[in-house]
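*Asks:* pasting the sequence and the predicted coordinates here, then a few questions.
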Amino acid sequence: MSSVDELLWEANKLPQDQRLTLAHRLLASGEPSVSEDVERAWDLLIRERIERYDQGKAASRSAGRVFAEVDRRFGS
């Protein structure tokens, strides 16, 4: 049995929440690192968007409407 198969076998013994945490960490480990400046910029943008939404200055759309629009535009 390969070491990957052994790890999978062992991971499957974990409770679901721990398996999900492990999967998340494995996926995140393959992502490129992001600088603190980029993280701060995203955080600021997210906070500004939430504030505009809370003040009624931004509209929202359901995910269904967004996906329907994508389907119309790209014909899938």
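*Replies:* Done, it's in. Numbers count the residues shown, from 1 in each chain.

*Asks:* hmm, who's touching the lengthiest helix in the chain?
*Replies:* In the chain, assigned by DSSP state H, the helix with the most residues is helix 36-54. For helix 36-54, contacts defined as C-beta atoms under 8 Å, 6 or more residues apart in numbering pick out 58, 60. For glycine as for every other residue, the C-beta is placed from the backbone atoms N, C-alpha and C.

*Asks:* got any ranges where the chain has weak pLDDT?
*Replies:* Using pLDDT under 70 as the threshold, the predicted model of the chain has low-confidence ranges 1, 76.

*Asks:* break it down into its domains, please.
*Replies:* Here the domain parsing of the chain from automatic domain parsing is 1-31, 34-76.

*Asks:* off-centre distance for the last one?
*Replies:* The offset between the C-alpha centroid of domain 34-76 and the centroid of the whole chain comes to 13 Å, using C-alpha atoms, centre = their mean, to the nearest Å.

*Asks:* picking up where we left off before, please identify the buried residues of the longest helix of the chain?
*Replies:* Of the residues in helix 36-54, none has enough neighbours to count as buried (16 or more other C-beta atoms under 10 Å).

*Asks:* let's number from 402 now, not from 1
*Replies:* Sounds good: first residue 402 from here, last item helix 437-455.

*Asks:* what helices or strands is whatever helix or strand comes next after it leaning on?
*Replies:* Sequence-wise, the next helix or strand beyond helix 437-455 is helix 464-475, with elements assigned using DSSP states H and E. Secondary structure elements in contact with helix 464-475, counted by 3 or more C-beta pairs under 8 Å, 6 or more residues apart in numbering; DSSP states H and E, are absent; no helix or strand qualifies.

*Asks:* what separates S430 from A412, distance-wise?
*Replies:* Summarising the geometry, the distance separating S430 from A412, computed by C-beta to C-beta, to the nearest Å, is 15 Å.

*Asks:* neighbours around D472, how many?
*Replies:* Each residue near D472 was counted by other C-beta atoms under 10 Å, and the total is 10.
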